[in-house]
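Visitor: Build the 3D model from these lines:
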Amino acid sequence: DDPFNDVVVRGDYSARSNLTVQGDLDVLEGCLSTLSRLLTLEGDFNSLGEGKFYGGSVDFNGKLSAFTGLANAGITIDTTGGSVSNGGNVVLSGVDNTGGAFLETLNVVMDSSGGTAGTLRLGGDVQLSHQGGAAATTGFIVSGTGAKIALDQSTNISTGNGQVELSAAQVYASAATPLDLTINTGSGNIFLNAFTDNAGTGKHLNDVLVTSSADVTLTGDINLDNDAADLASFAVNGGGSVVVNGNVTIDTEQGNTGSAGDIDLTATLVKEGTPSSSLILDASISSGGGNAGNVLLGQVGDTGAYL
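Guide: All right, here's what the predicted structure looks like:
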């Protein structure tokens, strides 16, 4: 339980008690494991290749990045079943090029072995750079059935043509007021699940802007809310396609407490993914004296993929 200053991992290392690193954590090869314990990192987590951490829960106060000159570097954080049978929680302060270069992949796994999946708390932006790795396995990936992503501040996620795979996670704001989320993948695919207020314990997001020239796949309802005079909005740019899997609703006002914001899909083709899918776009207000928002559409439906 005594704190370390800097830790360098050159092979596989297992700590059987809580591990506190007050400096930087460099994973050169192999993996670091704290079993079901807590890893608290005050410095930065830098990867040389594919750094891996397995443990109970993680609190990273520094930034995640790669070493200078590295290609295809990635970090995997796996807290599956880390707390008894529940998935452990992960707290990240941001992902950038603090160590000299951007990561290509950040893979956060918070699955459970019969309990509840963990929550990823984001306190900063996620900046990655796609460097030629396989598109299906690179980018920002959060997995674990029932996993959650809580934003502590308005957040930008950019992957430099890598994917953003959030289809297993619901997203909400942990702050007192709604926050914004911007996702830009260039030519990378985007997979989104439900946007909620975490059953009333958090807040709905305010503005969500998604940019991709590839597919933006929706598998859950997108519920957004105004922040006082700042109306909620949902927009997809980049010229790609919105692919609807199942019955999905996009709603830009909750509780009839203000005006509804706009839904803008003019720069995208909207089409069916799985059979019998449907999309409801709700920018209405039924009471409270507010105004309805606008709904802007481009092409809806494609050969063999009509809603």
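Visitor: Can you identify each of the helices in the stretch 51-200 of the chain by residue range?
Guide: Along the stretch 51-200 of the chain, no stretch is classed among the helices by DSSP state H, counting those that start in this stretch.
Visitor: for it, which spans come out with low pLDDT?
Guide: Within the stretch 51-200 of the chain, the ranges that satisfy pLDDT under 70 run 51, 53-55, 81-85, 113.
Visitor: give me that answer again for 90
Guide: Applying pLDDT under 90 to the predicted model, the residue ranges of the stretch 51-200 of the chain that meet it are 51-90, 97-101, 103, 109-118, 130-138, 144-146, 175-178.
Visitor: do the stretch 201-307 of the chain as well
Guide: Screening the stretch 201-307 of the chain residue by residue with the criterion pLDDT under 90, one finds the ranges 227-229, 255-258, 285-290, 302-305.
Visitor: who's in contact with the residue nearest the centre of the chain?
Guide: The structure's the chain has its C-alpha centroid closest to Leu166; by C-alpha atoms, centre = their mean the separation is 5.6 Å. Neighbouring residues of Leu166 by C-beta atoms under 8 Å, 6 or more residues apart in numbering: Phe140, Val142, Ile149, Ile190, Phe191, Leu192, Asn193. All C-beta atoms are positioned from the backbone trio N, CA, C, and that covers glycine.
Visitor: And it, how far from Gly114?
Guide: Using C-beta to C-beta, to the nearest Å, we find Leu166 at a distance of 23 Å from Gly114.
Visitor: just checking, Ala117 touches Gln170?
Guide: No. Taking contact to mean C-beta atoms under 8 Å, the distance of 10.2 Å between Ala117 and Gln170 leaves them out of contact.
Visitor: between these two, which one's more packed in?
Guide: Per other C-beta atoms under 10 Å, whichever of Ala117 and Gln170 has more neighbours is Ala117, with 25 against 22.
Visitor: neighbours around Leu70, how many?
Guide: Other residues near Leu70 number 20, with proximity taken as other C-beta under 10 Å.
Visitor: what's the spacing between it and Gly99?
Guide: Relative to Gly99, Leu70 is positioned 9 Å away (C-beta to C-beta).
Visitor: what does Thr257 give?
Guide: Distance from Thr257 to Gly99, by C-beta to C-beta: 44 Å.
Visitor: Check which helices and strands whatever helix or strand Leu281 lives in is in contact with.
Guide: Remark: Leu281 resides in strand 278-282, with elements defined by DSSP states H and E. Of the remaining helices and strands, those touching strand 278-282 by 3 or more C-beta pairs under 8 Å, 6 or more residues apart in numbering; DSSP states H and E are strand 241-244, strand 247-251.
Visitor: Quick check: neighbours shared by Ala117 and Gln170?
Guide: With the criterion set as C-beta under 8 Å, 6+ apart, the overlap between the contacts of Ala117 and Gln170 is Ala147, Lys148.
Visitor: quick one: Leu70 from Asp26, how far?
Guide: 12 Å.
Visitor: again with Thr79
Guide: Taking C-beta to C-beta as the criterion, Thr79 is separated from Asp26 by 20 Å.
Visitor: These two: who's more crowded?
Guide: Between Thr79 and Asp26, Thr79 has the larger neighbour count (other C-beta under 10 Å), namely 29 against 19.
Visitor: The more buried one and Ser57 touch, don't they?
Guide: Yes. Taking C-beta under 8 Å as the contact criterion, Thr79 and Ser57 are neighbours in contact, 5.8 Å apart.
Visitor: and for those two, which residues touch both?
Guide: Here Thr79 and Ser57 have Gly88, Asn89, Val90, Gly118 as joint contacts, going by C-beta under 8 Å, 6+ apart.
Visitor: Just the ones of those in strands?
Guide: With DSSP state E as the criterion, strands contain Val90 from among those.
Visitor: out of everything not next to it in sequence, what's closest to Asp225?
Guide: Counting by C-beta to C-beta, 6 or more residues apart in numbering, His204 is the residue found nearest to Asp225 once chain neighbours are left out, at 3.9 Å.
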